[in-house]
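Participant: Sharing a model that was predicted from the sequence below.
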Amino acid sequence: MIMEKDRMTRIAAIIVGVILALVLIFFGFRIVQQRFGNAAGTPTDIVGSNITTNSFDVTFAVSDQCDNFKVVYGLDCTPSGTNLFSQCAATNTDTSGVSDCGCPLTLLSPNTTYHWYLANGSNTYKNASICYTSTTKTEAESTTTSITPTPTAVTQTVPTPTVFSNATVQLTPADQVTNCQFIEDHLGETQGNISYTTLDVMRCRTRLTPTPTP
């Protein structure tokens, strides 16, 4: 009974050991593969950007020195057509040793398609075995600016308000008025202790009527 128990324990230990060995082999292979890839310095995220009429940039990431790389370019993808090159330089390096690289291509012609690829010594890096392509902008694309429309001025007529005079005519005692029509125009009005009646009109007319000479 004891021997049978020991036998089962040994079998279980062997199974656990095999599983652990497989796990270690798997992760070991991944680590070696990653290290091998880093040692090879294969560039990734290769892009042509910042395109103008006479320039554009090639950017990529690599676990290697950026200045080991250059962009080979020209007007077609043949060896004789790609006869120019631009040196690359690091723009940023993170803690894992991966560098962001940039390669400026300048003095280009407007509205022209350029074929290019990366090279590091004898190693070349293309887009599925063919050159990458980037086309510079035309002069029209470069000079196009956004036009802001000028708003049309709207003339608004402001109505002139009608002013109603609330001024009150100053009344004068009836016996001092020399214009009897004034009293007639303001009959019934009162200011303080002054008011005009028809009697005031009659008195005014009598007072102002000249006395006939005998």
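Facilitator: Okay, I see it.
Participant: residues touching the closest residue to residue 74 other than its chain neighbours, list them.
Facilitator: Once flanking residues are discounted, residue 74 sits nearest to residue 82: 3.9 Å by CB to CB, 6 or more residues apart in numbering. Where you see a C-beta, it was placed from the backbone N, CA and C, and this is true even at glycine. Shown in contact with residue 82 (CB atoms under 8 Å, 6 or more residues apart in numbering): 72, 73, 74, 76, 115, 116, 117, 131.
Participant: a strand runs through the first one, doesn't it?
Facilitator: Yes: remark: residue 72 belongs to a strand, assigned using DSSP: H, G, I helix; E, B strand; the rest coil.
Participant: Go ahead and confirm it touches residue 85.
Facilitator: Yes: Residue 72 is in contact with residue 85 according to CB atoms under 8 Å; the separation is 5.0 Å.
Participant: which residues are common contacts for these two?
Facilitator: Taking CB under 8 Å, 6+ apart as the criterion, residue 72 and residue 85 both touch residue 119.
Participant: Those two: which is more packed in?
Facilitator: Set side by side, residue 72 and residue 85 show more neighbours around residue 72, with 18 against 15, by other CB atoms under 10 Å.
Participant: Next one, pLDDT for the residue nearest to residue 74 please.
Facilitator: If you check residue 82, the pLDDT there is 94.
Participant: any idea how far it is from residue 116?
Facilitator: Residue 82 sits 7 Å away from residue 116, going by CB to CB, to the nearest Å.
Participant: Need the overlap of contacts for those two.
Facilitator: By CB under 8 Å, 6+ apart, residue 82 and residue 116 have these common neighbours: 72, 73, 74, 131.
Participant: Just the buried subset of those, please.
Facilitator: With burial judged by 16 or more other CB atoms under 10 Å, the buried subset of these is 72, 73, 74, 131.
Participant: Can you give me the distance of the third one to residue 116?
Facilitator: Spelled out, it's residue 74. 8 Å.
Participant: what do you get for the first one?
Facilitator: Counting by CB to CB, the separation of residue 72 from residue 116 is 6 Å.
Participant: Ok, residue 202 next?
Facilitator: Counting by CB to CB - residue 202 and residue 116 are separated by 118 Å.
Participant: neighbour count winner among the two?
Facilitator: It is residue 116, of residue 202 and residue 116, that has more neighbours when counted by other CB under 10 Å, with 26 against 12.
Participant: Show me what that one is bridged to.
Facilitator: Under the criterion DSSP bridges, residue 116 forms beta bridges with residue 73, residue 132.
Participant: Give me the pLDDT for it.
Facilitator: Note on residue 116: pLDDT of 98.
Participant: What of the one 10 residues further on?
Facilitator: As summarised for this prediction, residue 126 has a pLDDT of 95.
Participant: Just give the nearest non-adjacent residue to it, would you?
Facilitator: In space, and not counting its chain neighbours, residue 126 is closest to residue 117: 4.4 Å by CB to CB, 6+ apart.
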